[in-house]
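K.L.:
Sequence and predicted structure, then a few things I'm wondering about:
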Amino acid sequence: MTEVARAAGVSQKTVSRVVNGEPHVSPEVRDRVLKAVRDLDYRPNTAARALLLGRYRRIGVVSLGSSLYGPSTLLIALERAMRRAGYSVALASTLEGQRVSVAVDALLGQGVDGIVLSEPIDDGTPLRLTAKVPVVSLGEGAELAPGAGAVVGADGVAAARLATEHLLSLGHRTVWHIPGPQDWWAARDRLRGWREALAAAGAPEPPLPSPGDWSPASGYAAGRQLARLRDVTAVFAANDDMAIGALHAFADAGRAVPGDVSVVGYDDIPAAAHLCPPLTTVRQNFAAVADRAVDVLIALIEGRPAPAGPADRAVELTVRASTAPVREPDTAPSRP
């Protein structure tokens, strides 16, 4: 830092302000310091900073390590939000069956100021965290210490209600659901929202097909079960990949979408707009969820009140051509 200050013709305190993103530095001085930083290949010493300030400027993320669209996109959004806020990221994965508590301990050993639990799942044991740093969970299931933890995320229950209500508004007597794996809190939220929407509308709740595993193959298997039932006219799948599998199953069974069956997915993956027909789906604003989670966590780290309110426009329904008003019985095609 002394060398950077000498090269830029400023004090060490000014260099510190620039490096830490603090205010009260003119643009001309900031540019001069940043040029000296680049020329000298300066890197802040995080270990020394932690000893001096008691902060690492690093946030840990416990991730499933999944390649699924939702978790992977959320992880990228979290990293971007943390870097914009001036924090580096440490990652621990639970993909190989490692318990969340073990991943948390690994992050604490690396030195982090706070932890985000991304897409937690239920492994059958209570998740009680006693980390000595603030924790934000992007889903239910974790028991967090009051004042040192928070649950933040898109409202999956409300989003599932939105998808189900859309189908009911088109005149369908009821809506069938292809659920995700029930050890995922996200899948449970979508199942709950579907049930709440049916109950609120006084619509009958049909039996569930076999739960899927988020894959198109599992959606295809569930879709084959539903395609054999003549009264199935509307289906809400817990994610887009399973909805794609269901579209395939209905096509194989000679059931037209949306002529015979309307289908709604969840996530709005990039391919959803380019299917045949384009898929109506719930779009998650992963950037909004990540920004909200990081804002809350940094407030907890700094001892400030957490900002109020949910993530702005975290979920919204994107209506495309896979849903349509229900056909009148006399115009419905005969079953094959």
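P.N.:
It's in. Residues are numbered from 1 along each chain as shown.

K.L.:
Name the residues of the strand or helix carrying Gly70 that are buried.
P.N.:
Taking DSSP states H and E as the criterion, Gly70 maps to helix 69-84. Neighbour-count burial for helix 69-84 flags 69-75, 77-82 (criterion: 16 or more other C-beta atoms under 10 Å). C-beta here means a position set from N, CA and C on the backbone, and glycine is covered the same way.

K.L.:
Make CSV out of those and add pLDDT.
P.N.:
Shown next, in CSV, are the buried residues of helix 69-84 (pLDDT from 0 to 100):
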residue, pLDDT
Tyr69, 94
Gly70, 92
Pro71, 91
Ser72, 93
Thr73, 94
Leu74, 93
Leu75, 94
Ala77, 96
Leu78, 96
Glu79, 95
Arg80, 96
Ala81, 95
Met82, 95
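
K.L.:
any residues touching the helix or strand that the helix holding Gly70 is followed by, and which ones?
P.N.:
Counting by DSSP H and E, the next helix or strand C-terminal to helix 69-84 is strand 88-93. When contacts are defined by C-beta atoms under 8 Å, 6 or more residues apart in numbering, strand 88-93 is touched by residues 46, 57-65, 75, 78-79, 82-83, 98, 103-104, 106-107, 110, 112.

K.L.:
From those, keep the buried residues only.
P.N.:
Applying 16+ other C-beta under 10 Å to the contacts of strand 88-93 flags 57-65, 75, 78-79, 82, 103-104, 106-107, 112 as buried.

K.L.:
Which of these fall in strands?
P.N.:
By the criterion of DSSP state E, membership of the buried ones among the contacts of strand 88-93 in strands covers 58-63.

K.L.:
Give the other helices and strands that the helix holding Gly70 contacts.
P.N.:
strand 58-63, strand 88-93, helix 286-301 (3 or more C-beta pairs under 8 Å, 6 or more residues apart in numbering; DSSP states H and E).

K.L.:
Nearest to Arg32 among those would be which one?
P.N.:
strand 88-93 (24.9 Å; C-beta to C-beta).

K.L.:
Give me the angle between the closest one and helix 69-84.
P.N.:
150 degrees (axes from the mean of the first three to the mean of the last three C-alpha atoms, to 10 degrees).

K.L.:
quick one: strand 88-93 to chain centroid distance?
P.N.:
How far strand 88-93 lies from its chain's middle: 16 Å, per C-alpha atoms, centre = their mean, to the nearest Å.

K.L.:
Okay, buried residues for it please.
P.N.:
Result for strand 88-93 [16+ other C-beta under 10 Å]: buried residues 89-92.

K.L.:
same check, this time on stretch 288-302
P.N.:
Under 16+ other C-beta under 10 Å, the buried positions of stretch 288-302 are 288-301.

K.L.:
same thing with stretch 230-246?
P.N.:
Buried residues in stretch 230-246, defined by neighbour count with 16+ other C-beta under 10 Å: 232-246.
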